[in-house]
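**Q** Take this sequence and fold it.
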Amino acid sequence: LKEFAEGELYNQAKETYDYNKQQGYPIMVYELYRETTVTYNNDKLISLYFDDYTFTGGAHGSTVRSSQTWDLEHAYQIPLQAFFRKNPNYQIDIVKEINSQIAKQIEAGTGVYFPEYCQLVLETINFDSYYLIPKGIVIYFQQYDIAPYSSGLPEFVIKI
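**A** So this is what the prediction gives:
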């Protein structure tokens, strides 16, 4: 994040500043911050996610989420498949469960998704985009993957 801020984002902000100053436009302030949330922590496992928010002008900023789940005893990151060793079809089962949860949310009027959400789930799901919570595993999507900006970052709890 520091490299991005000091490199690409700084250069972009400087170009925008120089252009706006030359054109007599208002100076726009860029923003970048990271919020870290620990979602699960016991003696042997820790799971957390990072929300990196960037504002570079326009109607709103953009948030990109990343996550990590660590085995603290052996000092390695745990892939999602480690929680589904007995289920070789876990990816298919997760996609089905996510689509089922979306359908229920739409029916109940509690979720807003793009009409072609089933196809978008298949196209955009990232099985590294997960974190643990006490009730199971949360699979999340980035902004605009399967839903409009107003829906935030869609999250789905998968019980294990």
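**Q** tell me, what residue is most central in the protein?
**A** residue 65 (3.2 Å; C-alpha atoms, centre = their mean).
**Q** So which bits of the host helix or strand of that one are buried?
**A** Assigned by DSSP states H and E, residue 65 belongs to strand 62-71. By 16 or more other C-beta atoms under 10 Å, the buried positions in strand 62-71 come out as 65, 66, 67, 69, 70. To be clear about C-beta, it is placed using only N, CA and C from the backbone, and glycine gets the same treatment.
**Q** helices or strands up against the longest helix along the chain?
**A** Secondary structure of the chain per DSSP state H: the longest helix is helix 90-108. Using 3 or more C-beta pairs under 8 Å, 6 or more residues apart in numbering; DSSP states H and E, the elements in contact with helix 90-108 are helix 117-124, strand 155-158.
**Q** would you list those in TSV and tack on mean pLDDT and distance to residue 60?
**A** Formatted as TSV, these follow (pLDDT from 0 to 100; distance: least, C-beta to C-beta, whole Å):
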stretch	mean pLDDT	distance to residue 60
helix 117-124	98	20
strand 155-158	98	19
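**Q** Deepest-packed of those, please.
**A** strand 155-158 (a mean of 18; mean count of other C-beta atoms under 10 Å).
**Q** what lines up beside that one in the sheet?
**A** Sheet pairing for strand 155-158, assigned by DSSP bridges, gives strand 136-140 (antiparallel).
**Q** Just the element for residue 51, please.
**A** Using DSSP H and E, the element containing residue 51 is strand 45-55.
**Q** Residue 113 too?
**A** Using DSSP H and E, residue 113 falls within no helix or strand.
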